[in-house]
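1. 3D model of this:
(2 chains)
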Amino acid sequence: MNRNYLFLTLLMLVLAIGTFFIKKDDVYKNQIKPETLLQVITQPSRYVTTDQVAKRIIEKDPTLELIDVRLPGDFDKFTLPDAINVPLKDIFTDKGQDNLGIEDLNVVFFSNDDIIADQAWVIATRLGYKNMYVMKGGLNCWIETIINPTMPPETASEIEFEQFRFRKAASLYFTGGSTTQPVSVTKAKVKVRRKKKEKAASGGC
Amino acid sequence: MGPLIPNDIITGDWNFVIAILIGIAFGFILEASGFSSSRNLAGVFYGYNFVVLRVFFTAVIVAMVGLLYFDYFGWLDLSKIFILPTFLSPMILGGVIMGVGFVMGGFCPGTSFTGIAIGKTDALFFAIGLFLGIFIFGEAYPYFANFYNSGNMGNVTLTDVTGIAAPWFALGFTVIALAAFWVTAEIEKKVRKNMKEYKF
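-> Numbering: from 1, shown residues only, chains lettered A, B, ... in the order given. The predicted model follows:
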């Protein structure tokens, strides 16, 4: 037999055996099923309020990881303390995903409102990451509720006043306390009259 | 990168242009392999010429192994290519009919046109029979439409059906093909010893 045939036979064998070593990483293997995604996407449990986020920032919760999904320009102008900037399109990159799926860490996505953050959440959830949340209302809600909280009406419940007091305190914490109004002091008297609630209540946007 | 049209690298209008180019190349390779001769083609059934087996097995294993590498290098996304749906029993029967027609007529549909291209009379008659068969098939279709459409397994691959990874099939086919090349070469040698040299 021709020596060329022998060479071709061996070459083909080597190439065929080689296919065992070229297994491509299945990029979809971690992806969750569409049905599961649909199920979790309709659950509001992914939302955390600005109050909850503020509380955890103030408490310096080490398990909190804030991810700002806006563009770097916006991120440089204003963001939450210790937030990481991962613009939406970077969620697909390895670098963007470095910040996701870290054990015991709760990721909170936020943007100006919650639309882009929601998109980031859906993408990351589809990619199979867990323990992720979206800050309801985004930074607009943050400014509205935490930085410039409005006082509830006199007829409001104690929970609302409690929330307001927390927000005023949080506002002081985040802004350095230069623009406080005396309202918080007035409302502190209310606290004396009624039973104090343990938890900072949620609500807002 | 590929497949080019599903990935919008080129538009679907190129389909026919590509089909013509591939068709020309296919016809050329068939002719160059000696597939325009019914003796060459039918020889596989009589044991004196295994060129059909070798050419088709070569095409199968090169394409099979090649596509796996293409997928790995990112040149062709195998999850996006079209896979012909499998109709198990109709395909088995069709294969048998095709085989019988092949050994009787000395051509398969594609090669008969290659034969016509170089002026073979037998190929011409084969092609006439081919169109006759297509016509009869079309007219009689309602009588066996149920069977024709039965056992649809969908666009499945061997890996889907068996759960065995593609490289095993690639290696398996390659080993079988390479073994067949060497064995048939020996058979040819022995059979041809006892026959007069034939001309194509």
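
2. which ones are touching the closest residue to B:Gly106 other than its chain neighbours?
-> Excluding its sequence neighbours, the residue lying closest to B:Gly106 (CB to CB, 6 or more residues apart in numbering or on different chains) is B:Ser38, at 2.7 Å. Placement of C-beta: from N, CA and C, glycine included. By CB atoms under 8 Å, 6 or more residues apart in numbering or on different chains, the contact set of B:Ser38 is B:Gly105, B:Gly106, B:Phe107, B:Gly115, B:Lys120, B:Asp122, B:Ala123, B:Phe126.

3. and the two most separated of those residues?
-> Largest separation among the contacts of B:Ser38 by CB to CB: B:Gly105 and B:Lys120, giving 11.8 Å.

4. need the longest helix for chain A.
-> Longest helix of chain A, by residue count under DSSP state H: helix A:158-175.

5. can I get that helix in CSV? Just the C-alpha atoms.
-> Extracted in CSV, the C-alpha atoms of helix A:158-175 (Å, rounded to 0.1, in the frame of the first residue of the first chain):
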residue,chain,number,x,y,z
GLU,A,158,-46.3,55.1,64.1
ILE,A,159,-44.7,52.8,61.6
GLU,A,160,-44.5,55.6,59.2
PHE,A,161,-43.0,58.0,61.7
GLU,A,162,-40.6,55.3,62.7
GLN,A,163,-39.6,54.9,59.1
PHE,A,164,-39.3,58.7,58.7
ARG,A,165,-37.0,58.9,61.7
PHE,A,166,-34.9,56.2,60.3
ARG,A,167,-34.7,58.0,57.0
LYS,A,168,-33.8,61.3,58.5
ALA,A,169,-31.0,59.6,60.4
ALA,A,170,-29.9,57.8,57.3
SER,A,171,-29.9,61.0,55.4
LEU,A,172,-27.7,62.5,58.0
TYR,A,173,-25.4,59.5,57.7
PHE,A,174,-25.2,59.7,54.0
THR,A,175,-25.0,63.5,53.5
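
6. average model confidence for that helix?
-> Per-residue pLDDT over helix A:158-175 has a mean of 88.

7. also stretch A:130-143?
-> On average, stretch A:130-143 scores 90.

8. ok, now stretch A:94-103?
-> Over the span of stretch A:94-103, the pLDDT mean works out to 80.

9. next, the buried residues of the lowest-mean-pLDDT helix or strand in chain B.
-> Lowest on mean pLDDT, DSSP states H and E among the helices and strands of chain B sits helix B:38-46, with a mean of 85. Buried residues in helix B:38-46, defined by neighbour count with 16 or more other CB atoms under 10 Å in any protein chain shown: B:Ser38, B:Asn40, B:Leu41, B:Ala42, B:Gly43, B:Val44.
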